[in-house]
Structures are given as structure tokens and as C-alpha cells.
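J.: I'll drop the sequence and a predicted model, then ask my questions.
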Amino acid sequence: MSPPRAVVVVTGSELVRGDRRDLNGPFLARELVSSGVSPARIIVVGDSQDELEGALREGLDGELCVVSGGLGPTHDDRTVETLARVLGRDLVVDHELEREIEGVSRGISERLRRPYAEFAPGVRKQASLPEGARSLGLAGTAPGFVLEAGDSVVVVLPGPPPELQRLWRDALDSGPVRRLLDQGQPPQRRTLRFYGVSESAVARALEAAGGGGDGVEATVCARDFEIHVDLVVGKGAELRVEALSEALRERMGDFLYSDDERPVAELVLGLCRARGLTLATAESCTGGLVAARLTAIPGSSDVFRGAVVAYADDVKAQELEVPAAVLAVHGAVSAETAEAMAAGVRERLGAGIGVSVTGVAGPGGGTPEKPVGLVYMHALGPGGGLAASFSIPADRETVRARATVAALHLVRRLLTQNRDSST
């Protein structure tokens, strides 16, 4: 039996204009796949009533339609009234929901010292749902709700990602959505993560290993300067995916660093933890991005000591004790300065391992000898260090992002004593 199909409709003119990136569509697509539902389309639409109506009609083609955004109290929040019109249903005030929204809104009016009368029309608007809708509760003042419409189940959620994600859990537990999910079979998924190798090389290795088919859907994707092989495993294909994974390990084992969904930052913290080592970063061109990746992992505080963002040369000298002679002879962007920065942050913050990044992120500042895109890194631990560098002609954001990933992999290599020189 084929899995239920879903269409995701994400609303907001700011998304269409490019003022803000859509986070809800990808989140919902991942959640649907993990629940055994096949996301057919993600539709991003502005607040125009005609455009929104067309998107909702298209969304109702799926057995599940998930809509985000447009649930606020203002006139340009049109999702609910437009959905009601598409379904041919009246809007009905949910009085219990109205009391909930009123309670939140009165608190806001008191904090802002504004009369509640200013909020009352918006409260009534947000409490008005299409006939037959069941409230999922509130996130802020915006409600989520679910309703059944013929052969489709419709879930409507707020636009802010934290609010949507909170109410999505309640949507999954609602009767209509649960009955739909019971028809699907959540697939097994496995992701093999490679670093230091090209996408084409991994694709050739996958093809030589047998590729997809026989119940396994295999996709090669360049993601965050790594190469990921995503394997979706159908029922009865467990042995097939094991054989395929093993064949890839045999062919590309030098570049495979994870087969259990853990990102490199989490692996680095785990390796430090297993060896009883702490970690600190000294960053110039990355401006703290390496530290941000590490501290984004829950529980990182038992390993990560801190960071020194040393952008100016005098800060490198004063805070990291980079010798003046090194800066004068080799310059701030050099292997020698990177090594001194790693040693300095290790000493300054009392860390077992120090990792540094220094480079020319651009768009200005490059020279023929040291062009934009040149980056040096160094990782130093109790048993020695590893150095790495790269030079790519790219924009500032790309150079900084790649340097961040490369620095984390350098620490991983140091901790596993994999001295492959690729970055």
C-alpha cells in the first residue's frame, strides 16, 4: 500500500519576497517522511487572497494538507477565512478558544499599558474557525486547528517556527491525523556522511556498490561542504541496505566519518568526552562560528571551554600571545599564526585541545600571495597537532562556512589520528 500523500502550504509575503527564509516547509517535510507520509509538494505563497486560495485548493489534493502562517489578528492574516471559503464552510466562534486568547491578550495589553478594547476585535477573529475545526490550543495568541474535509485532513498551524513546532506535536496526536498516519509505514533511514571527497566520487562508488533499488532509495547530496548518502529503506530491504552500506565503507572508508546521523560537531564533542579532553577555539575570519556550532549541541558545556575571537592583530598578540615576530614575518593569515593561535587559546583557557582559524574571507583584503578565500587552521592537543589550509574563490559567507566545517573536521581527525591531509 502506498503511503499517504501530503501537501505543505507555507504562507507569508515576506517569504515570497526573499526577506525571510522558509524554515517550516523543510521541517514539516522531514516530520512527514519520518511519520510514513509522502510529501508531494511544498507550496510557498504570499498573502494575496487569490494566490492563497489557489494554493489551498492545490493543497487539498493531498490526503493531508498542512498549512502554516496567516493566523494573526490583523487584516492581512487571511488563512482561516480563505480556507473556509475554499471548503464552503461558515466561520464559527470557538468560545472556549476565545477565552484562552482573551486571557493571553489581556496580559499583553496590561504589559503594554494599552486598553484591551484595541485587542478585542483581533481576539474574536483568531477564535473564529471553519465549521467542524478542532482547536489544537495556542502558541502565543495564534491557535492551531485540524479539520476533516472529504478525503483530506487539514492541519493549520502558526507561522513562527517555534510556535508551529510546538503545536505540530499536538496535531500528530489528534484523532484525524493519527488515523491517517496509521495507514503509513515510517521508513527506516540511514545517512552515511563523507568528508574530503567529491560528490561525483561518492556517486561512482555508490553505483559500483549496486546503487539504489530492491527496496532501497539512495540519494547522493552535497550538504554543508560534506557529501551525504541518504538511504531510505523499504519493508523487507534491511539486508540490502546493510550490504550497500558495507560496500560503500569498503570503497570510501577513508572519507566516511558518520553513519548514525550525528553531525561533526556532535562527534567532536563525543570524542573529546571519551578522552577526557576539553576544547577551546581561537577564531579570526570565522568570528565565532566554530564555537556556535559546538555550543548548538545540547550538553556541550562539559567539553567546550570557550572561544577567543581575535580579529585584530593586537588582539591576537595580547589575548592569544601570538609572537609579534610571527605576525611581522608571516602575517595574520599564515600557518605559523594559526599554530600560535591554537597554542595560545589552549593555554589561555586551560583546554586540552585548541583549534584556530585565520583567513581572508573577503570581499576585500586579498593579495596575489594571499587571495580572498585562503584559510589556515590548526588543531593542537596533548599529543601534538594537525594543520590544514584551503583556498577557494568564493563569497564571504561561503569561505566562512567552509572554514567552520573544516576546523571541526580537523579536530575530529586529530582525535582519531586520521592524518589524511584533505580538507
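T.: Nice, thanks for sending it over.
J.: Low-confidence ranges, this protein, go.
T.: Across the chain, the ranges flagged by pLDDT under 70 are 1, 418-423.
J.: show me the biggest helix of it in terms of residues.
T.: Identified as the longest helix of the chain according to DSSP state H is helix 396-416.
J.: give the contact list for the residue lying farthest from the centre of the chain.
T.: No residue in the chain sits farther from the centre than residue 325, which is 42.0 Å out by C-alpha atoms, centre = their mean. Contacts for residue 325 (C-beta atoms under 8 Å, 6 or more residues apart in numbering) come out as none. For the C-beta atoms, the positions are set from N, CA and C on the backbone; glycine is no exception.
J.: so it is in which element?
T.: Taking DSSP states H and E as the criterion, residue 325 maps to helix 324-330.
J.: mind saving the C-alpha coords of that helix as PDB?
T.: The C-alpha trace of helix 324-330 is given here as PDB (Å, rounded to 0.1, in the frame of the first residue of the first chain):
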ATOM      1  CA  ALA A 324      55.000  39.800  17.300                       C
ATOM      2  CA  ALA A 325      57.700  38.300  15.100                       C
ATOM      3  CA  VAL A 326      55.300  35.700  13.700                       C
ATOM      4  CA  LEU A 327      52.800  38.400  12.800                       C
ATOM      5  CA  ALA A 328      55.500  40.600  11.300                       C
ATOM      6  CA  VAL A 329      57.200  37.900   9.200                       C
ATOM      7  CA  HIS A 330      54.400  35.600   8.200                       C
END
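J.: Now do the buried residues in the strand or helix carrying residue 314.
T.: Here residue 314 sits within helix 313-320, counting by DSSP H and E. Neighbour counts over helix 313-320 (16 or more other C-beta atoms under 10 Å) mark 313, 316, 317, 319, 320 as buried.
J.: CSV for the residues you listed, including distance to residue 86?
T.: Listed next are those as CSV, based on distance: C-beta to C-beta, whole Å:
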residue, distance to residue 86
313, 62
316, 61
317, 66
319, 60
320, 61
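J.: and of those, the nearest to residue 358?
T.: Of all these, residue 316 has the smallest distance to residue 358: 8.2 Å, by C-beta to C-beta.
J.: what sits against that closest one?
T.: Contacts for residue 316 were tallied using C-beta under 8 Å, 6+ apart; they are 284, 310, 322, 327, 332, 337, 340, 341, 344.
J.: For the fifth one, list the residues it contacts.
T.: For residue 332, the set of contacting residues under the criterion of C-beta under 8 Å, 6+ apart consists of 284, 313, 316, 358.
J.: Out of the contacts of residue 316, which two sit at the greatest distance?
T.: Spanning the widest gap among the contacts of residue 316 are 332 and 344, at 13.3 Å by C-beta to C-beta.
J.: which strands and helices sit next to the host helix or strand of residue 32?
T.: With secondary structure defined by DSSP H and E, residue 32 is part of helix 24-34. When contacts are defined as 3 or more C-beta pairs under 8 Å, 6 or more residues apart in numbering; DSSP states H and E, helix 24-34 packs onto strand 5-11, strand 38-45, strand 64-68, helix 161-173.
J.: Would you mind writing the CA trace of the longest one as PDB?
T.: This file holds the C-alpha atoms of helix 161-173, laid out as PDB (Å, rounded to 0.1, in the frame of the first residue of the first chain):
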ATOM      1  CA  PRO A 161       8.700  28.200  13.600                       C
ATOM      2  CA  PRO A 162       8.900  27.700  17.400                       C
ATOM      3  CA  GLU A 163       5.100  28.000  17.700                       C
ATOM      4  CA  LEU A 164       4.500  25.700  14.700                       C
ATOM      5  CA  GLN A 165       6.800  23.100  16.100                       C
ATOM      6  CA  ARG A 166       5.100  23.200  19.500                       C
ATOM      7  CA  LEU A 167       1.600  22.700  18.100                       C
ATOM      8  CA  TRP A 168       2.700  20.100  15.500                       C
ATOM      9  CA  ARG A 169       3.200  17.600  18.300                       C
ATOM     10  CA  ASP A 170      -0.400  18.200  19.300                       C
ATOM     11  CA  ALA A 171      -1.500  17.800  15.700                       C
ATOM     12  CA  LEU A 172       0.200  14.400  15.500                       C
ATOM     13  CA  ASP A 173      -1.800  13.200  18.500                       C
END
